[in-house]
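In: turn this into a structure:
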Amino acid sequence: MANDMSDPNAKGPNNWPVIFDAIEAEDHARLKSLLDSGADIEIKGFQGATPVLAAAVIEDWPTVLYLLQRGARPGVADKRGFTLPYLAAKSRVDLDGRYGKALADVRKILNDRGLMGQYYEPAEVRKRMNEGRWPPR
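Out: As a prediction, this is how the structure comes out:
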């Protein structure tokens, strides 16, 4: 694997940018280091997911919250049609559990930005993408 600090957007052994390895490992110190070294917070990985979507898919809500605080765009969608508002709304994480407070904070951010009340099911997102109507105007 390439040295993260020499190229924070390098690809890891799975051929995805190393930022996704840090997210999958829930290695928050490495994630911070990569971002501080210039890693692209909107870089695409599996199915075109950005880091914030990748963290939401695995329900690592503290990482989602951190990425939003670092400037990640909350309105992105991946090729599967997943969006952050959809994943946050459908999460089954226990709000009293380990990730609950972070999920509640993410939902509040999304709500404050007008995104929680109008999320789309993945099939609808894919349909709109295919029709050139994504993102919504």
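In: longest single helix anywhere in the chain?
Out: Among the segments of the chain that qualify as a helix by DSSP state H, the longest is helix 100-112.
In: helix, strand or coil: sort out the residue nearest the centre of the chain for me.
Out: Relative to the mean C-alpha position of the chain, the nearest C-alpha, by CA atoms, centre = their mean, is the one of residue 52, at 1.5 Å. The assignment at residue 52 comes out as helix when based on DSSP: H, G, I helix; E, B strand; the rest coil.
In: which ones are touching it?
Out: If you count contacts by CB atoms under 8 Å, 6 or more residues apart in numbering, residue 52 has them with 41, 64, 67, 68, 72, 73, 74, 76, 84. (Glycine included, C-beta is placed from N, CA and C.)
In: any of those residues buried? List them.
Out: For the contacts of residue 52, a neighbour count by 16 or more other CB atoms under 10 Å gives the buried set as 41, 64, 67, 68, 72, 74, 76, 84.
In: picking that back up, which residues sit against the longest helix of the chain?
Out: 59, 61-62, 64-65, 68, 74, 84-85, 88-89, 91, 93-95, 116-117.
In: emit the PyMOL select command for whichever of those residues are buried.
Out: A single PyMOL command selects the buried members of the contacts of helix 100-112 (16+ other CB under 10 Å):
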select buried, resi 59+61+62+64+65+68+74+84+85+88+91+93+116
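In: of the contacts of helix 100-112, which belong to strands?
Out: In strands, judged by DSSP state E, none of these are found.
In: just give the closest residue to residue 103, not the sequence neighbours.
Out: residue 61 (4.2 Å; CB to CB, 6 or more residues apart in numbering).
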